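>>> sequence and predicted structure below; questions after.
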Amino acid sequence: MRFVVTAGPTREAIDPVRFISNRSSGKMGYAIAEAALASGHKVELITGPASIPAPRGAEIVSVTTSDELDDAVHRAVRKCDVLVMCAAVSDYKPAARSGRKMKKR
């Protein structure tokens with residue numbers, strides 16, 4: 001079977017320096033990916049920026065924003081048997097991203 005697992009946080013840019021995110025570690029999604037690999041399944045892991053090592057043997061797709069995650073999932077779901085969605089998608093994103101660092105106000 002082919003698994004697609006999402007994990008980790010997403011980041012939504014406010015300006016070139018700041019972003020909105022959350023403290024997701026990605027541990028749950030990575031553990032599910034490892035379990036599927038240990039059971040002999042193929043795994044595509046779509047992951048936001050996580051600070052833990054990716055499971056060996058998984059096909060890794062790195063994403064940053066919720067839009068990138070959405071695109072990656074829509075591409076991957078066409079060729080999978082099981083989809084497990086553990087990513088911690090940001091609840092908010094700015095209407096517009098500033099092109100330069102915003103000054104404190």
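Good, I have the coordinates. On a predicted model such as this, the values are computed, not experimentally measured, just so you know. Numbers count the residues shown, from 1 in each chain.

>>> what's the local residue count around the residue nearest to residue 20 when sequence neighbours are not counted?
In space, residue 20 comes closest to residue 12 once its chain neighbours are excluded; the distance is 4.6 Å by Cβ to Cβ, 6 or more residues apart in numbering. In this view, the C-beta of every residue, glycine as well, is placed from N, C-alpha and C. Residue 12 has 19 neighbouring residues, counting by other Cβ atoms under 10 Å.

>>> quick one: residue 12 and residue 65 touch, right?
Yes: the pair residue 12 / residue 65 is scored as a contact, 6.0 Å apart, by Cβ atoms under 8 Å.

>>> between those two, which contacts overlap?
Shared contacts of residue 12 and residue 65, defined by Cβ atoms under 8 Å, 6 or more residues apart in numbering, are found at residue 93.

>>> if I pick residue 62, what's in contact with it?
Shown in contact with residue 62 (Cβ under 8 Å, 6+ apart): 47, 48, 49.

>>> need the residues that contact stretch 29-39.
By Cβ under 8 Å, 6+ apart, the list of residues contacting stretch 29-39 from outside reads 1, 3, 5-8, 43, 45, 47, 50, 52, 54-58, 82, 84, 86-87.

>>> inside strands: which ones of the residues you listed?
Secondary structure from DSSP state E places 3, 5, 6, 7, 43, 45, 47, 82, 84 of the contacts of stretch 29-39 in strands.

>>> count the neighbours of the fifth one for me.
In other words, residue 43. Residue 43: 24 neighbours (other Cβ under 10 Å).

>>> surely it meets residue 57?
Yes: with contact defined as Cβ under 8 Å, residue 43 and residue 57 form a contacting pair (7.2 Å).

>>> what about residue 54, how many neighbours?
If we define neighbours as other Cβ under 10 Å, then residue 54 has 17 of them.

>>> name the helix or strand for the residue nearest to it when sequence neighbours are not counted, please.
Residue nearest to residue 54 in three dimensions, not counting chain neighbours: residue 60, with 5.2 Å by Cβ to Cβ, 6+ apart. Element membership for residue 60, per DSSP states H and E: strand 59-62.
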